[in-house]
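Trainee: next come a sequence and a model predicted from it.
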Amino acid sequence: MEGRMQGKVQQLSDSNRRIMEADAAPPQRVYQAWKGSNIFFLGGRLIFGPDVRSLIATVCLIVIPVIVFAAVVPQQLAHGYQNQIGGWVASVSIIFTAYILVLLLLTSGRDPGIVPRNAHPPEPEDIGESSHLSDWPGGQHGSAGLPLTKDVVVNGAIVKVKYCHTCMLYRPPRCSHCSICNNCVERFDHHCPWVGQCIGKRNYRFFLMFVSSATVLCIFVFAFCWVNIGKIMDTHDCKLGRAILKSPISAILMLYTFVAVWFVGGLTSFHLYLISTNQTTYENFRYRYDMRTNPYNRGLVQNFVETLCSRIPSSRNNFRAKAKEDSAAFTSSLSMGRVLSPPKMSVDLEMGTKRQAVAVEDMEDIHSQIGSSMRLEQCGTEPPHLVGRKGCSEIASDIGTFAEEFGMEGRFTERKKIEMHTNDNP
């Protein structure tokens with residue numbers, strides 16, 4: 001029995017030691033404790049999606065053709081026209097490519113509009129009595145009995161917003177949860193694998209500028225490659241096939257940009273249509289607003305002004321700030337087989353009384369279980385002084401540590417004295 005008691009004491013001591021080590025460790029930053037699937041660089045200054053490696057392919061598809069173009073075609077143009085057009089064409093292509101890469105970084109390396117997660121589900125009273133709540137078909141409900149949808153009014157129209165079980169919040173209008181990045185994103189448009197990031201409220205403008213600029217670059221390269229082929233035909237008085245043989249790089253770049261312009265050009269045209277009707281890609285494919293009234297449509301001009309000229313909101317996440325400690329880190333278990341949940345700590349002033357009450361109940365439960373365990377051991381065949389005195393001392397130390405952690409040391413010290421007096425006077 002002495003061995004069993006020492007095992008209990010050792011287990012509680014190890015738990016306290018882990019808590020103290022966690023307290024002594026340097027605090028984590030938000031990006032280090034981030035629960036989404038994002039990848040961070042430069043100490044949380046850049047945030048990417050989990051498929052950030054696709055950026056390498058995107059950069060190569062842009063940079064390599066431009067390098068080949070700037071190294072070959074301008075020289076042939078300068079030789080054919082006997083002027084400075086070659087240097088001008090090379091300079092413009094390189095500078096414009098650098099501009100496109102900056103837009104790519106602004107699109108993929110910034111917060112697209114991630115909605116911060118809640119530490120716990122909202123309380124029923126926090127939802128608001130004025131909101132009309134509607135149940136999910138089939139009578140299913142969310143966490144803690146919360147309805148899976150609720151109705152909000154947008155520009156005079158009722159819009160349903162859903163409850164996100166992962167982020168434990170009701171998503172704002174036009175917000176959706178990205179299954180790839182595992183975040184709720186405001187004004188979610190889509191997740192673009194070519195930029196390795198969600199496209200949302202804070203980077204949609206840069207995404208549109210990126211694809212439209214890439215379209216212009218494709219047209220620029222195609223045009224001057226065609227001019228080079230035409231000049232070769234005029235200079236050597238030959239047909240198209242022979243001119244292509246004299247400058248195969250121009251022909252390859254023309255074919256490449258012709259295919260690429262259908263992709264980036266088509267994407268640009270599609271998003272210009274979405275802006276004109278104030279839709280997102282997600283809404284266009286899911287809701288089909290052309291079949292009913294779009295509550296976000298404010299007219300052609302206002303839609304473009306809202307999307308392209310409005311101020312980009314600041315990020316709702318400070319990734320470099322110190323992360324708040326999660327009370328789940330203090331979870332411990334007893335050898336009796338029951339896992340004890342830690343007291344719920346909250347900085348919410350309105351909920352402070354409720355949280356402290358839960359903490360007191362949990363600490364009393366821990367103390368009563370240890371006291372019961374001690375009494376069971378003392379009823380065995382071993383003399384009580386071999387187990388009770390030493391075991392009670394160390395366990396009392398553990399309880400004192402827990403009590404001090406949660407601000408209840410005075411109450412448990414008094415209770416400990418009463419029990420020790422009872423044990424001395426059976």
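Mentor: That came in fine, so what should we check first?

Trainee: and the strand or helix carrying Glu283, what's buried?
Mentor: Following DSSP states H and E, the helix or strand that holds Glu283 is helix 281-286. When neighbours are counted by 16 or more other Cβ atoms under 10 Å, the buried residues of helix 281-286 are found to be 281-284. Using the backbone N, CA and C atoms, a C-beta is placed for each residue, glycine as well.

Trainee: please apply the same query to stretch 236-250.
Mentor: 243-244, 246-247, 249-250.

Trainee: same for the lengthiest helix in the chain, what does it pack against?
Mentor: With DSSP state H applied, the helix covering the greatest number of residues in the chain is identified as helix 204-236. Secondary-structure packing of helix 204-236 (3 or more Cβ pairs under 8 Å, 6 or more residues apart in numbering; DSSP states H and E): helix 54-81, helix 85-108, helix 240-246, helix 248-277.

Trainee: just to revisit the earlier point, tell me what the helix holding Glu283 is packed against?
Mentor: Using 3+ Cβ pairs under 8 Å, 6+ apart, the elements in contact with helix 281-286 are helix 248-277.

Trainee: the helix it packs on packs against which elements?
Mentor: Identification of packing neighbours for helix 248-277 by 3+ Cβ pairs under 8 Å, 6+ apart yields helix 54-81, helix 204-236, helix 281-286, helix 300-304.

Trainee: of all those, which lies closest to His177?
Mentor: In terms of Cβ to Cβ, the element of the helices and strands packed on helix 248-277 nearest to His177 is helix 281-286, at 10.9 Å.

Trainee: in three-state terms, label Pro122 for me.
Mentor: Three-state assignment for Pro122 (DSSP: H, G, I helix; E, B strand; the rest coil): coil.

Trainee: settle this for me: Gln84 is touching Ala78, isn't it.
Mentor: Yes - with contact defined as Cβ atoms under 8 Å, Gln84 reaches Ala78; the gap is 7.3 Å.

Trainee: residues in contact with Gly44?
Mentor: Gly44 sits next to 29-32, 319-320 when contact means Cβ atoms under 8 Å, 6 or more residues apart in numbering.

Trainee: switch the cut-off to 10 Å
Mentor: 29-32, 34, 317-321 (Cβ atoms under 10 Å, 6 or more residues apart in numbering).

Trainee: for Asn303, same thing?
Mentor: Asn303 sits in contact with 274-279, 294, 296-297, where contact means Cβ under 10 Å, 6+ apart.

Trainee: swap in Lys239?
Mentor: So, once contact is read as Cβ under 10 Å, 6+ apart, Lys239 ends up touching Met233.

Trainee: surely Asp51 touches His191?
Mentor: Yes - Asp51 lies in contact with His191 (Cβ atoms under 10 Å); the separation is 8.4 Å.

Trainee: joint contacts of those two?
Mentor: In the contact map built from Cβ under 10 Å, 6+ apart, the residues linked to both Asp51 and His191 are 180-181, 197.

Trainee: related to what we said a few turns ago, which one of Gln84 and Ala78 is surrounded by more residues?
Mentor: Each of Gln84 and Ala78 had its neighbours counted (other Cβ atoms under 10 Å), and the higher figure belongs to Ala78 (17 against 10).

Trainee: so what's the more buried one closest to, chain neighbours aside?
Mentor: Spatial nearest neighbour of Ala78, chain neighbours left out: Gly86 (2.9 Å); criterion: Cβ to Cβ, 6 or more residues apart in numbering.
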